[in-house]
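Peer 1: coordinates only, no sequence provided:
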Ligand SMILES: *Cc1c(COP(=O)(O)O)cnc(C)c1O
């Protein structure tokens with residue numbers, strides 16, 4: 001049996017007619033950039049997330065970059081973030097000449113640990129602390145970071161909070177949806193996310209009218225009115241085609257999320273029956289609503305051998321992420337060393353993502369667990 005990590009063709013079958021219809025309408029209109037479809041998506045994302053404003057942008061990476069720019073983060077500023085995330089979280093900070101200040105993760109959720117943030121703050125030199133501008137937690141794998149203590153720290157130090165919710169659309173923390181607790185929420189419509197476009201796209205949510213206006217300006221090179229530039233922005237625009245597709249998919253998202261959650265429950269049950277709970281760490285759903293962008297198990301021993309075994313058996317899998325960001329070659333100048341972030345480093349050596357997409361059949365889930373069982377016996 002072949003079980004792919006993700007098979008978007010199964011999803012496309014459900015929405016094919018609607019997609020073709022809207023695509024054709026856009027071709028006929030020849031109106032491709034921003035416009036009514038993007039505005040419609042911005043408004044439906046506000047409804048879905050419970051945010052006041054939304055600005056469609058060119059990718060999740062650009063959502064982070066434009067938020068940092070709107071927050072006024074510039075060269076030499078410090079931004080606290082997690083070392084265990086997709087590269088662009090810290091890449092965007094560095095692209096502005098600012099300095100990512102890494103704090104370790106919680107080993108149960110893999111999210112930024114507020115206790116580690118407190119430790120880092122306690123050790124920070126006074127002049128560095130003065131340049132602290134923002135904190136950038138990531139809601140990894142579809143589960144919110146523990147936000148209340150992070151928001152308190154931000155309030156006490158007057159920091160902007162930018163949530164990287166690229167993997168967490170619809171996830172909740174104490175009744176609030178990902179991306180609405182800080183000053184900015186950054187989402188990605190990369191095809192493999194829970195709500196994916198047919199190409200690149202993203203969106204930023206905010207509850208501040210000031211930030212909303214800044215984001216809209218920065219999206220079009222900082223021009224307002226057109227050709228009069230108050231700020232230096234970029235081309236961060238979203239296509240009408242991508243917005244229209246995402247808006248169609250948004251109507252199915254609750255249903256797809258429920259299927260992912262059911263798959264996660266089935267996995268947990270199957271691993272229990274197979275007696276594998278001791279050998280593996282299963283994902284801990286600590287916050288209100290985990291949306292399982294990934295189902296990530298922890299394999300304390302022989303992770304790479306299990307990975308090869310599964311690949312051999314036709315089971316799609318991936319390591320998110322093999323190298324924590326503080327040890328990336330491009331950040332060598334920041335001066336981090338192996339051992340600085342022990343939890344992130346352990347996670348990088350032990351985690352493995354398994355197929356969890358909504359259309360996965362029971363027989364496929366059973367096959368995945370059966371092959372893992374065979375590996376351990
Ligand atoms: C996918 C992702 C991004 C980047 O989104 P793109 O749309 O691919 O640019 C940023 N952060 C996290 C945590 C992601 O998973």
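Peer 2: Good, I have the coordinates. None of the values given here were measured: they were computed from a predicted structure. Residues are numbered from 1 along each chain as shown.
Peer 1: find the closest residue to the ligand in the chain.
Peer 2: Per C-beta to the nearest ligand atom, residue 60 is where the chain lies closest to the ligand, at 2.4 Å. Heads up, the C-betas are built off the backbone N, CA and C, glycines and all.
Peer 1: does that residue really touch residue 185, like I thought?
Peer 2: No - contact between residue 60 and residue 185 fails when scored by C-beta atoms under 8 Å: they sit 11.1 Å apart.
Peer 1: what's the local residue count around the residue of the chain closest to the ligand?
Peer 2: 27 (other C-beta atoms under 10 Å).
Peer 1: that one - nearest residue in space that isn't next to it in sequence?
Peer 2: Spatial nearest neighbour of residue 60, chain neighbours left out: residue 188 (2.4 Å); criterion: C-beta to C-beta, 6 or more residues apart in numbering.
Peer 1: just checking, the one you found touches residue 59?
Peer 2: Yes - at 6.5 Å, residue 188 counts as touching residue 59 under the criterion of C-beta under 8 Å.
Peer 1: shared neighbours of these two, anything?
Peer 2: Residues touching both residue 188 and residue 59 (C-beta atoms under 8 Å, 6 or more residues apart in numbering): 201-202.
Peer 1: for the protein, which segments count as strands?
Peer 2: Counting by DSSP state E, the chain has strands at residues 53-57, 78-81, 99-102, 132-136, 160-164, 172-173, 176-177, 184-188, 202-206, 295-298, 351-354.
Peer 1: can you list those in JSON lines and add mean neighbour count?
Peer 2: What follows is the strands of the chain, written out as JSON lines (neighbours: other C-beta atoms under 10 Å):
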{"stretch": "strand 53-57", "mean neighbour count": "26"}
{"stretch": "strand 78-81", "mean neighbour count": "24"}
{"stretch": "strand 99-102", "mean neighbour count": "22"}
{"stretch": "strand 132-136", "mean neighbour count": "24"}
{"stretch": "strand 160-164", "mean neighbour count": "27"}
{"stretch": "strand 172-173", "mean neighbour count": "20"}
{"stretch": "strand 176-177", "mean neighbour count": "18"}
{"stretch": "strand 184-188", "mean neighbour count": "30"}
{"stretch": "strand 202-206", "mean neighbour count": "29"}
{"stretch": "strand 295-298", "mean neighbour count": "22"}
{"stretch": "strand 351-354", "mean neighbour count": "22"}
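Peer 1: redo these as JSON lines? Include mean pLDDT and distance to the ligand.
Peer 2: Below are the strands of the chain laid out as JSON lines (pLDDT from 0 to 100; distance: least, C-beta to the nearest ligand atom, whole Å):
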{"stretch": "strand 53-57", "mean pLDDT": "98", "distance to the ligand": "9"}
{"stretch": "strand 78-81", "mean pLDDT": "98", "distance to the ligand": "11"}
{"stretch": "strand 99-102", "mean pLDDT": "98", "distance to the ligand": "13"}
{"stretch": "strand 132-136", "mean pLDDT": "98", "distance to the ligand": "10"}
{"stretch": "strand 160-164", "mean pLDDT": "98", "distance to the ligand": "5"}
{"stretch": "strand 172-173", "mean pLDDT": "98", "distance to the ligand": "16"}
{"stretch": "strand 176-177", "mean pLDDT": "98", "distance to the ligand": "16"}
{"stretch": "strand 184-188", "mean pLDDT": "98", "distance to the ligand": "3"}
{"stretch": "strand 202-206", "mean pLDDT": "98", "distance to the ligand": "5"}
{"stretch": "strand 295-298", "mean pLDDT": "98", "distance to the ligand": "13"}
{"stretch": "strand 351-354", "mean pLDDT": "98", "distance to the ligand": "12"}
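Peer 1: which one of the ones you listed lies closest to residue 252?
Peer 2: Nearest of the strands of the chain to residue 252, taken as C-beta to C-beta: strand 184-188 at 16.5 Å.
Peer 1: show me the contact partners of that closest one.
Peer 2: Defining contact as C-beta under 8 Å, 6+ apart, one finds that strand 184-188 is touched by 45, 49, 51, 59-61, 63-64, 67, 70-71, 160-167, 169, 178-179, 193, 195, 201-206, 211.
Peer 1: one step back: the residue of the chain closest to the ligand: what's it in contact with?
Peer 2: Residue 60 makes contact with 88, 164, 166, 186-190, 193, 202, according to C-beta under 8 Å, 6+ apart.
Peer 1: mind redoing it with 6 Å?
Peer 2: 166, 188, 202 (C-beta atoms under 6 Å, 6 or more residues apart in numbering).
Peer 1: relative to residue 58, how far out is the second one?
Peer 2: If I follow you right, that is residue 188. Relative to residue 58, residue 188 is positioned 10 Å away (C-beta to C-beta, to the nearest Å).
Peer 1: contact partners of stretch 163-178?
Peer 2: With contact meaning C-beta under 6 Å, 6+ apart, stretch 163-178 is reached by 49-50, 60, 89, 138-139, 141-142, 144, 147, 179, 182, 185-188, 194-195, 257, 287-289, 291, 293.
Peer 1: now with 7 Å?
Peer 2: With contact meaning C-beta atoms under 7 Å, 6 or more residues apart in numbering, stretch 163-178 is reached by 49-50, 60, 64, 85, 89, 136-144, 147, 179, 181-182, 184-188, 193-195, 253, 257, 287-291, 293.
Peer 1: contacting residues around the residue lying closest to residue 264 once chain neighbours are set aside?
Peer 2: When the adjacent residues along the chain are set aside, residue 264 lies closest to residue 292, with 5.0 Å between them (C-beta to C-beta, 6+ apart). In this structure, residue 292 makes contact with 142, 260-261, 264, 356, judged by C-beta under 7 Å, 6+ apart.
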